[in-house]
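S.K.: when you get a sec, could you give me coordinates for this:
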Amino acid sequence: MESKPRYVFDTNALISAALLESSTPSRAFRLALECGQILFSSATIEELAEVLHRPKFDRYVKSGGRDEFLDAFVNGPFLT
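M.R.: Numbers count the residues shown, from 1 in each chain. Predicted coordinates:
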C-alpha cells in the first residue's frame with residue numbers, strides 16, 4: 001500500500017493561507033490537501049487560533065472566515 005506524502009506548515013504559512021488566497025503558502029497548502037496529509041501539533045493549533053483572532057487581520061478576512069479556516073483545519077482530513 002502506497003502512503004500519501006505528509007506535510008508540515010508553520011503558523012506563519014497557515015496564517016498566509018487563511019488570509020491571502022493567492023499567496024504561495026495558500027497554493028502550497030491546497031496542493032498538500034489534494035495529494036497528501038497535513039501534520040500538526042496541538043501547540044500549532046493553539047498558536048494559530050490565538051493569531052487568527054487578532055483584530056489586525058479583519059482587513060483581510062472577517063473573523064467568521066478565519067474561524068471557518070481554523071475549524072476546517074482542525075476537523076478536516078488532516079493527520080494529527
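S.K.: I'd say Leu14 and Val74 touch.
M.R.: No. In this structure, Leu14 sits apart from Val74 without contact. The criterion is CB atoms under 8 Å, and the distance is 11.3 Å. Placement of C-beta: from N, CA and C, glycine included.
S.K.: show me what the helix or strand harbouring Asp67 packs onto, helices and strands only.
M.R.: In this structure, Asp67 is located in helix 63-75 according to DSSP states H and E. Judged by 3 or more CB pairs under 8 Å, 6 or more residues apart in numbering; DSSP states H and E, helix 63-75 is in contact with helix 11-19, helix 42-52.
S.K.: circling back to that earlier point, the more surrounded of Leu14 and Val74?
M.R.: Regarding Leu14 and Val74, a neighbour count based on other CB atoms under 10 Å identifies Leu14 as having more, with 24 against 14.
S.K.: mind listing what that one touches?
M.R.: With contact taken as CB atoms under 8 Å, 6 or more residues apart in numbering, Leu14 is in contact with Pro25, Phe29, Thr44, Leu48, Phe73.
S.K.: with pLDDT and distance to Arg59 added, can I get the residues you listed in JSON lines?
M.R.: What follows is these, written out as JSON lines (pLDDT from 0 to 100; distance: CB to CB, whole Å):
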{"residue": "Pro25", "pLDDT": "95", "distance to Arg59": "18"}
{"residue": "Phe29", "pLDDT": "93", "distance to Arg59": "21"}
{"residue": "Thr44", "pLDDT": "92", "distance to Arg59": "24"}
{"residue": "Leu48", "pLDDT": "91", "distance to Arg59": "19"}
{"residue": "Phe73", "pLDDT": "83", "distance to Arg59": "21"}
